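1. The sequence isn't on hand, but the structure is:
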């Protein structure tokens, strides 16, 4: 519902995140709530938002405890923002915080709010420990019992097996395959070699390390729990071991995905401040870039007919062309490309699809291929393989990074964001400067 006569432009003021940490490391004792709160506090302090009422804070986590049913609102109450600031939890797997940014941007564009924060958090170190459903059913039966005898009768069904925790299942419910196993199938289908994947991973680490050394992340990251830098970025000596790493998901001898060319399990949180132009200008806050377009897509990765089945992580290959059509742009009309590195193979499959005339004709309905991009403009400050990937936090990390890239490059005009997610979905966005 549009408030007023015309939409408003959506400014990206800036972002703050915590250093991303390898799971069970620096943040082993942290929770989603403490990590998200720390990121929001950093953003509040950076932009002088203490006591300010924002229109909305939208955030989420992929892995949550039931106690975190109101995670974002609780973090807002501890952030220093005016407690009258409303908050919303949402989740679209690895696209969560990018989806949150699009949601906040739409509300700003429609004039419903004038400012908001999009954020995301995940803690692998604080994964919920789940016991068998049969144990839960016994406890519920005991709870419903109307007498002591009935309660004891229900509890008498408890056995030692009920105290064995269930290992979290990373497989897709429709296929039973993990994301890595699914990406192995994509790599084989698109003929992506191990050497290509390792080369992309190597470049991700090199660029991320260089960005830290040059101070690029200094105003984007706030220290937390004794950690000052992302701790997954590997020195050159370690990266020489990439070719010797064994495949993780296909050990048949034909596998190509390893721990080195896949994202590590990571803890962390990130947040980004969005606003109308007038709200930002009135407060003397910077406008780094404008969030102009966004698109979500889904593919049928579990189709019964093999010819109709698409790769689990290929949705961005469809979302980006649809978004380009909305914007009246081509794939080459960008100065920077931020493609989330769930796996090196996923990035390479997507790029190869856009270069394929057959794919673009048969899958997208185009006459020609979208074409290639300049690899020197892809993930120029490193991405998820090196920096890490706390699932729900990656989108807002990328938005803040790309906005700064555009603001600090006098010749740049726009950048593209692409994030694949579980469930065969993807979220994409376009950022522009004046």
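-> Ah, there it is. Treat the numbers as computed from the prediction; the structure is a model and nothing was measured.

2. which residues of the stretch 151-300 of the chain fall in helices?
-> 179-189, 194-213, 236-239, 277-282 (DSSP state H, counting those that start in this stretch).

3. between those helices, which gets nearest to residue 427?
-> With C-beta to C-beta as the criterion, residue 427 lies closest to helix 179-189 of these, at 15.8 Å. Every C-beta, even on glycine, is put in place using the N, C-alpha and C of the backbone.

4. what angle do that closest one and helix 194-213 make?
-> 120 degrees (axes from the mean of the first three to the mean of the last three C-alpha atoms, to 10 degrees).

5. helices or strands up against helix 179-189?
-> Helix 179-189 sits against helix 344-355, with contacts defined as 3 or more C-beta pairs under 8 Å, 6 or more residues apart in numbering; DSSP states H and E.

6. mind checking how far the helix it packs on is from the chain centre?
-> The chain centroid and the centroid of helix 344-355 are separated by 18 Å under C-alpha atoms, centre = their mean, to the nearest Å.

7. Tell me the helix or strand right after that helix.
-> helix 357-362 (DSSP states H and E).

8. what about residue 101, distance to residue 119?
-> Distance from residue 101 to residue 119, counting by C-beta to C-beta, to the nearest Å: 9 Å.

9. neighbour-wise, which of those two wins?
-> Neighbours per residue (other C-beta atoms under 10 Å) separate residue 101 from residue 119, with residue 119 holding more: 35 against 32.

10. The more buried one against residue 57, yeah?
-> Yes. Between residue 119 and residue 57 there is a contact under C-beta atoms under 8 Å: 6.9 Å.

11. Looking at this protein, name the residue that lies furthest from the middle.
-> The C-alpha centroid of the chain is most remote from residue 149, which lies 50.6 Å away (C-alpha atoms, centre = their mean).

12. how much distance is there from the helix or strand hosting that one to the middle of the chain?
-> According to DSSP H and E, residue 149 maps onto helix 148-155. Its chain's C-alpha centre and that of helix 148-155 lie 46 Å apart, by C-alpha atoms, centre = their mean.

13. now what about it, what contacts it?
-> Around helix 148-155, the neighbours that count as contacts under C-beta atoms under 8 Å, 6 or more residues apart in numbering are 138, 141-142, 145.

14. Next up, the contacts around the nearest residue to residue 323 once chain neighbours are set aside.
-> Of all residues not flanking residue 323 in the chain, residue 295 sits nearest, at 3.9 Å (C-beta to C-beta, 6 or more residues apart in numbering). Going by C-beta under 8 Å, 6+ apart, residue 295 touches 319-320, 322-323, 326, 427-429.

15. Please convert the buried members of these into PyMOL selection syntax.
-> To isolate the buried members of those in PyMOL, using 16 or more other C-beta atoms under 10 Å:
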select buried, resi 319+320+323+427+428+429
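
16. Identify the farthest-apart pair in the contacts of residue 295.
-> Going by C-beta to C-beta, the pair spanning the contacts of residue 295 furthest: 326 and 427, at 14.1 Å.

17. my read is residue 431 is in a helix, agree?
-> No. Judged by DSSP: H, G, I helix; E, B strand; the rest coil, residue 431 forms no part of a helix; its state is strand.

18. neighbours around it, how many?
-> 28.

19. Name all residues that make contact with residue 346.
-> By C-beta under 8 Å, 6+ apart, the contact set of residue 346 is 183, 186, 313, 420.

20. Quick one: residues contacting the residue nearest to the second one when sequence neighbours are not counted.
-> Okay, so that is residue 186. Spatial nearest neighbour of residue 186, excluding adjacent residues (C-beta to C-beta, 6+ apart): residue 311 at 3.9 Å. Residue 311 makes contacts with 182-183, 185-186, 189, 299, 301, 349, as judged by C-beta under 8 Å, 6+ apart.

21. Could you give me the PyMOL selection string for whichever of those residues are buried?
-> Buried subset of the contacts of residue 311, written as a PyMOL selection, criterion 16+ other C-beta under 10 Å:
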select buried, resi 182+183+185+186+299+301+349
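
22. Let me know the closest of the contacts of residue 311 to residue 44.
-> Taking these together and measuring to residue 44 by C-beta to C-beta, the closest member is residue 183, at 37.6 Å.

23. Residue 312 versus that closest one, what's the distance?
-> Between residue 183 and residue 312 the distance is 7 Å, computed by C-beta to C-beta.

24. and what of residue 77?
-> 37 Å.

25. With neighbour numbers in mind, choose between those two.
-> Shown here are residue 77 and residue 312; by other C-beta under 10 Å, residue 312 has more neighbours (28 against 14).

26. ok, that one touching residue 301?
-> Yes. Counting by C-beta under 8 Å, residue 301 is a contact partner of residue 312 at 4.4 Å.

27. if I look at those two, which residues touch both of them?
-> 172, 175, 182, 424.

28. filter those residues to the buried ones?
-> Buried among the shared contacts of residue 312 and residue 301 (16+ other C-beta under 10 Å): 172, 182, 424.

29. now the first one: how far from residue 210?
-> Counting by C-beta to C-beta, the gap between residue 172 and residue 210 amounts to 36 Å.

30. Next up, phi/psi of the residue nearest to residue 186, please.
-> Residue 311 adopts backbone torsions of phi -60, psi 140, taken as degrees, to the nearest 10.

31. which residues in the stretch 301-434 of the chain form strands?
-> 336-339, 414-421, 425-432 (DSSP state E, counting those that start in this stretch).

32. Can you tell me which of these is packed in deepest?
-> By mean neighbour count, with neighbours taken as mean count of other C-beta atoms under 10 Å, strand 414-421 ranks first of these at a mean of 27.

33. And that strand, what does it pack against?
-> Checking 3+ C-beta pairs under 8 Å, 6+ apart, strand 414-421 ends up next to helix 315-327, strand 336-339, helix 344-355, helix 394-407, strand 425-432.

34. one more time with 6 Å
-> helix 315-327, strand 336-339, helix 394-407, strand 425-432 (3 or more C-beta pairs under 6 Å, 6 or more residues apart in numbering; DSSP states H and E).

35. Could you say which one of these comes nearest to residue 217?
-> Across these, closest to residue 217 is helix 394-407 (C-beta to C-beta), at 8.4 Å.
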